[in-house]
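Chemist: One predicted model, sequence on top.
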Amino acid sequence: MAVTRLKRKNRKDKAKSAVRRQSLKIQNAKPVIKNVDIEQIKEEFKAKAAKKA
């Protein structure tokens, strides 16, 4: 008896697992923590306000 491969099912299964892997990878991703200098940002806003006025 010959063995037939279900190609469409195989493609669907691979696509489903790829989506699952990608979603798990996105869920586990951590954003890069950046050090923000708040005082410098305040100074920039003051400089912009002074420039407009």
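Modeler: Received the coordinates, thanks.
Chemist: chain center to the host helix or strand of Gln40: distance?
Modeler: Assigned by DSSP states H and E, Gln40 falls within helix 38-52. For helix 38-52, the separation from the chain centroid amounts to 31 Å (computed by Cα atoms, centre = their mean, to the nearest Å).
Chemist: again, but for stretch 36-51
Modeler: 30 Å.
Chemist: For it, C-alpha coordinates in PDB please.
Modeler: Listed next in PDB are the C-alpha coordinates belonging to stretch 36-51 (Å, rounded to 0.1, in the frame of the first residue of the first chain):
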ATOM      1  CA  VAL A  36      16.300  59.500  30.200                       C
ATOM      2  CA  ASP A  37      17.700  62.800  31.500                       C
ATOM      3  CA  ILE A  38      14.600  64.600  32.600                       C
ATOM      4  CA  GLU A  39      16.400  67.900  33.500                       C
ATOM      5  CA  GLN A  40      17.900  68.100  29.900                       C
ATOM      6  CA  ILE A  41      14.400  67.600  28.400                       C
ATOM      7  CA  LYS A  42      13.000  70.400  30.600                       C
ATOM      8  CA  GLU A  43      15.800  72.700  29.500                       C
ATOM      9  CA  GLU A  44      15.000  71.900  25.800                       C
ATOM     10  CA  PHE A  45      11.400  72.800  26.400                       C
ATOM     11  CA  LYS A  46      12.400  76.100  28.100                       C
ATOM     12  CA  ALA A  47      14.700  76.900  25.200                       C
ATOM     13  CA  LYS A  48      11.900  76.200  22.600                       C
ATOM     14  CA  ALA A  49       9.500  78.400  24.600                       C
ATOM     15  CA  ALA A  50      12.000  81.200  24.800                       C
ATOM     16  CA  LYS A  51      12.700  80.900  21.100                       C
END
